[in-house]
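Peer 1: Below are the sequence and a predicted model; questions follow.
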Amino acid sequence: MTQSNTRRTIGSLAAFAVAAGFAVTIGTGMAAAAPGELTWSDQYSTFTRTIDNVTPTGDDTITVTTKWTRTDANWEKLNSVKDYHSTCLAYVPGSAKVTDNAGVHTIEPYVQTAADFTAVDFVGLGYQPTAKKGVETPILSIQYKVGYNCDRDTTLATGMSYSGSRGPGSYPTKGPSIKVAKNTSTTVLATVPAGVKVDQTVPLNATVTGGIDGDIVEFYDGTTKLGQGTLAAGKATFAWSPALGAHSVTAKFLGTTKATESVSAAQNVTVSPADVTTTTTVSGDATGVVGTNVALSAKVSPAPSLGGTVQFKDGATNIGGLVDLDAHGNAATTVPLAAGTHAITAVFTGVGEYQPSTSTAPHNVTVTPANVATITTITGDTTAVTDTDAVLNVQVSPVPTGGTVQFKNGTTNIGNPVTLDGQGKGTLTTKFATTGAQSITAVYEGTTGFLTSTSVAHSVEVSAPVATDQDTTTTVTGPATAVENTDVTLGVQVSPVPTGGTVQFKNGTTNIGNPVTLDGQGKGTLTTKFATTGAQSITAVYEGTTGFLTSTSVAHSVEVSAPVATDQDTTTTVTGPATAVENTDVTLGVQVSPVPTGGTVQFKNGTTNIGNPVTLDGQGKGSITTKFATTGAQSITAVYEGTTGFLTSTSVAHSVEVSAPVATDQDTTTTVTGPATAVENTDVTLGVQVSPVPTGGTVQFKNGTTNIGNPVTLDGQGKGTLTTKFATTGAQSITAVYEGTTGFLTSTSTPHTITVTATPAETTTTVIKVPATATTGVEVNLDATISPASTGGTVQFMDGNKKIGDPVAVVNGKATLKHIFTSADTHNITAIYSDATGQAISTSEIRTVTVTDTPGGGNTGSLGSLGNIFGSLGNIFGS
């Protein structure tokens, strides 16, 4: 220490530094420094201070380093350091580090922070870096956050002081200095909504980076200022009431003492005229006749200057196509209408600012039919027996809308007029009292639109009865309606009840099936189907038997219609998240109830289709994965298209609020562990590790593409296990898919192969025994017991999917391996038994060993020493 005594006369502040062997240069000796770096010498010490960015902006982080270099043969240990800075800089916790030949050393918690300095205590840390010429040059590194409140373009001083084994040194404003530059701002004007009209208020929204709450943003149309808004949370808004025409809109951040001015890109906005309400009226002919045109007119007020079209309607049905309006808002057309009363309306479809409208009071048009000539034709029995029923049929063509027919024998009416059915047909059953030729005619009386007509005479030759057998009456019963190709039961009754015989059912002149034998009550039934639609004329012909005459029933009409499907109503429900992130996958689900037999669902965002239609599964469910390209509320619906037996339906809208991405989730790595072999239908335990350890989530194990069981919830160490069985032999490719959670991305493991062998004829079980805990470097026993006790074979102990040593021979059903764990962790231990041929027979369950490091000691120091040293520094430096 005799060397240090030579500089004591310099002064009390420098004396301590001289005693430590450091050179002090007053006013001279400063080395030329590159921007952000400063080097100076003080006796036998040279100091280099570096700031990685001497022109930062607000909220930047800068790194300040100080390097100690000795220029003589003496070494020096550092006790403590104070790093001085402007009060607008804030220490970044955990950033204080010292680097030397031994590596990088974190100084926390032996760090003291104040408004204008950060102090570190190496003595309290228990590690004092050493400066030695040509050997050690310790470097102290500290980071600071530049405050937004820092003055801009103003020199801010930095420096340091320290205490070492050879004395202190103080350079509180030595440098390098920094100048905080203005923050570079950006201004973005949000997209102005389309379809802006006069008299509407339009929100103008600007997003600014680089400013703070309270700063001003001005909004412009070209060079004309529209107004201004105040920044709050980076956004400003202004309500704009635009005039008609084209506008170029921008947002301008005015800039401040802390941030630069910026202007958004211009947006071209076209403002349309305000909506004009219209009224539509309809007029025209009040009457018409079938086959002639009816004139219709419509008037739209006020007359649209852009023209437009009108759709005439008869009730809910369009009449022809769209009709153009003239310059006065008038439209006219002529159309044919069917007979009846028609309620005519006109719908103006709208054009430009002229809004659509529909006539309120319908215009009624009554159309009468034109008279149509008819032809009446008689068919029926051509022979008859006096006082015995004869059947006469009539057909009027074309089929009229109604009316009656009067049958006549010569000029004498036969019975009452017969009402025609919907096919223009009628039937009359009568008896003739006299023999000989009867001249039968039918007179159609006519109805609205259809003229009267008289048939050609139909001759019936009537003879006297020749047999003494009893007359019979055959009557057909059955439904009046039926469905095509659906079973219909026809009944027959013959009166008086005959002693036997059969009945032949007929459809017109065609036999229906085989003759039906009557039962003891003169009854019979026949079940049949009708292959064609329309009116079917069903008769039954009793063939007669001894003592009973044949007879034919009156025709029984069955109206056959095509089957009408009774489709079920459906309900479609959309499921999915309530929130999403822009351009990030979102899965939307759909359920159609009741479950249909098939069909597809089209997802929509508003009126825009999302992807292609999705085919429903057997549970009426479907899903689609999509991304949203824009932020804000998205209105999601699903339209079920329907299928045979199930009607279409549209879901209630499901809202998804889409926000811009705010964070980047961490990548993860998923690793599967488990045995390399297994036995068919025997429990196998699979393990999984997700790294880095996530805050939660589940893992789905898979065999190939098939899920194994349900998702497994990870524990606090990112681990999980699943016990399963393999039903088939051979190589199984096992993977685990981590589903991800907030802050952690999904990942899929590399495949882990397990070779599954058939269950041996004699079941062999392997039981492993291991300690629950162990210490690195300390030997433990791993034991396996084979049941039944084997006369041979080996056991391979496994740590996850890694072998522990060589296979151990089984003696009297037992195998033991002494093992030392070298790493602190949780180890999943299994034992695989192989028979004398080397065939793996059974694998034990996993047993977990928690291994910790061998306990060690060491003095971590205390913050008390930091206070003592800082106290002494205060006495030395006066601060």
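Peer 2: Looks like it came in fine.

Peer 1: okay, CA-based contacts and neighbour counts for the rest of this
Peer 2: Noted.

Peer 1: separation between Gln43 and Arg166?
Peer 2: Applying CA to CA, to the nearest Å, the value for Gln43 to Arg166 is 12 Å.

Peer 1: the strands in the stretch 751-879 of the chain, which residues?
Peer 2: Using DSSP state E, counting those that start in this stretch, the strands of the stretch 751-879 of the chain run over 752-757, 765-769, 773-775, 779-787, 794-799, 802-803, 808-809, 814-820, 825-834, 840-843, 847-852.

Peer 1: Tell me which of Gln43 and Arg166 has more neighbours.
Peer 2: Taking other CA atoms under 10 Å, Gln43 and Arg166 do not tie; Arg166 has more neighbours (21 against 17).

Peer 1: Test my guess that the more buried one contacts Asn74.
Peer 2: No - assessed by CA atoms under 8 Å, Arg166 is found out of contact with Asn74, at 9.4 Å.

Peer 1: What about the nearest residue to Ser272 once chain neighbours are set aside? Give its phi and psi, please.
Peer 2: Distance criterion CA to CA, 6 or more residues apart in numbering; nearest residue to Ser272, sequence neighbours excluded, is Lys197 at 4.6 Å. Note on Lys197: its backbone torsions stand at phi -120, psi 160 [degrees, to the nearest 10].

Peer 1: I figured Lys197 hits Val276, correct?
Peer 2: No - if you go by CA under 8 Å, Lys197 and Val276 don't touch, sitting 11.4 Å apart.

Peer 1: Can I get stretch 348-368 as CSV, trimmed to CA atoms?
Peer 2: Only the C-alpha atoms of stretch 348-368 are listed here, as CSV (Å, rounded to 0.1, in the frame of the first residue of the first chain):
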residue,chain,number,x,y,z
PHE,A,348,-92.3,-0.3,-56.5
THR,A,349,-88.9,-2.0,-56.2
GLY,A,350,-87.0,1.2,-55.3
VAL,A,351,-84.1,2.9,-57.1
GLY,A,352,-81.3,5.2,-55.8
GLU,A,353,-82.6,7.3,-52.9
TYR,A,354,-86.2,6.5,-53.8
GLN,A,355,-87.4,3.9,-51.3
PRO,A,356,-89.6,0.8,-52.2
SER,A,357,-93.3,1.0,-51.6
THR,A,358,-96.4,-1.2,-52.1
SER,A,359,-99.9,0.0,-52.9
THR,A,360,-102.0,-0.3,-49.8
ALA,A,361,-105.6,-0.6,-51.2
PRO,A,362,-105.9,-3.5,-53.7
HIS,A,363,-107.6,-2.9,-57.0
ASN,A,364,-110.3,-5.6,-57.4
VAL,A,365,-111.0,-7.1,-60.9
THR,A,366,-113.9,-9.6,-61.5
VAL,A,367,-113.3,-11.9,-64.4
THR,A,368,-116.2,-14.0,-65.8
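
Peer 1: remind me which residues of the stretch 451-600 of the chain are low pLDDT?
Peer 2: Within the stretch 451-600 of the chain, the stretches with pLDDT under 70 are 467, 565.

Peer 1: Residues in contact with stretch 824-838: which ones?
Peer 2: By CA atoms under 8 Å, 6 or more residues apart in numbering, the residues outside stretch 824-838 that reach it are 675, 677, 766-768, 775-776, 784, 786, 792-800, 840-853.

Peer 1: what's the spacing between Lys803 and Asn828?
Peer 2: Distance from Lys803 to Asn828, by CA to CA: 12 Å.

Peer 1: Neighbours of Ala480, how many?
Peer 2: Counted by other CA under 10 Å, the residues lying close to Ala480 total 12.

Peer 1: Who are the packing partners of the strand or helix carrying Lys506?
Peer 2: In the assignment (DSSP states H and E), Lys506 maps to strand 502-507. Using 3 or more CA pairs under 8 Å, 6 or more residues apart in numbering; DSSP states H and E as the contact test, the elements touching strand 502-507 are strand 516-517, strand 534-542.

Peer 1: Direction-wise, compare that strand with strand 534-542 and give the angle.
Peer 2: Relative orientation of strand 502-507 and strand 534-542, computed by axes from the mean of the first three to the mean of the last three CA atoms, to 10 degrees: 160 degrees.

Peer 1: Below-threshold pLDDT in the protein: ranges please.
Peer 2: Using pLDDT under 70, the chain drops low at 1-35, 467, 565, 663, 760-764, 790-791, 838-840, 856-879.

Peer 1: Domains in it, by residue range?
Peer 2: 4-179, 186-271, 279-368, 375-463, 473-561, 571-659, 669-757, 765-852 (automatic domain parsing).

Peer 1: just to revisit the earlier point, now list the buried members of the contacts of stretch 824-838.
Peer 2: Neighbour-count burial (16 or more other CA atoms under 10 Å) applied to the contacts of stretch 824-838 gives 675, 677, 766-768, 775-776, 784, 786, 793-800, 840-849, 851-852.

Peer 1: in stretch 94-109, what's buried?
Peer 2: Using 16+ other CA under 10 Å as the test for burial, stretch 94-109 gives Ala96, Lys97, Val98, Thr99, Asp100, Ile107, Pro109.

Peer 1: could those residues be laid out in a markdown table, adding distance to Lys174 and secondary structure?
Peer 2: Output for the buried residues of stretch 94-109, formatted as a markdown table (distance: CA to CA, whole Å; DSSP: H, G, I helix; E, B strand; the rest coil):
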| residue | distance to Lys174 | secondary structure |
| --- | --- | --- |
| Ala96 | 20 | coil |
| Lys97 | 21 | strand |
| Val98 | 20 | strand |
| Thr99 | 22 | strand |
| Asp100 | 24 | strand |
| Ile107 | 24 | coil |
| Pro109 | 27 | coil |
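
Peer 1: re earlier: can you redo the strands of the stretch 751-879 of the chain as TSV with distance to Pro302?
Peer 2: TSV is the format used below for the strands of the stretch 751-879 of the chain (distance: least, CA to CA, whole Å):
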stretch	distance to Pro302
strand 752-757	78
strand 765-769	95
strand 773-775	92
strand 779-787	98
strand 794-799	89
strand 802-803	88
strand 808-809	102
strand 814-820	98
strand 825-834	85
strand 840-843	90
strand 847-852	87
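
Peer 1: Looking at the ones you listed, which is nearest to Cys150?
Peer 2: strand 825-834 (48.2 Å; CA to CA).

Peer 1: Restrict the closest one to CA atoms and write it as PDB.
Peer 2: Extracted in PDB, the C-alpha atoms of strand 825-834 (Å, rounded to 0.1, in the frame of the first residue of the first chain):
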ATOM      1  CA  ASP A 825     -36.600 -34.900 -12.000                       C
ATOM      2  CA  THR A 826     -39.600 -37.200 -11.800                       C
ATOM      3  CA  HIS A 827     -38.700 -40.600 -13.400                       C
ATOM      4  CA  ASN A 828     -41.400 -43.000 -14.700                       C
ATOM      5  CA  ILE A 829     -39.900 -46.500 -14.100                       C
ATOM      6  CA  THR A 830     -41.200 -49.700 -15.700                       C
ATOM      7  CA  ALA A 831     -40.000 -53.300 -16.000                       C
ATOM      8  CA  ILE A 832     -40.400 -55.400 -19.200                       C
ATOM      9  CA  TYR A 833     -40.200 -59.200 -18.700                       C
ATOM     10  CA  SER A 834     -39.000 -61.300 -21.700                       C
END
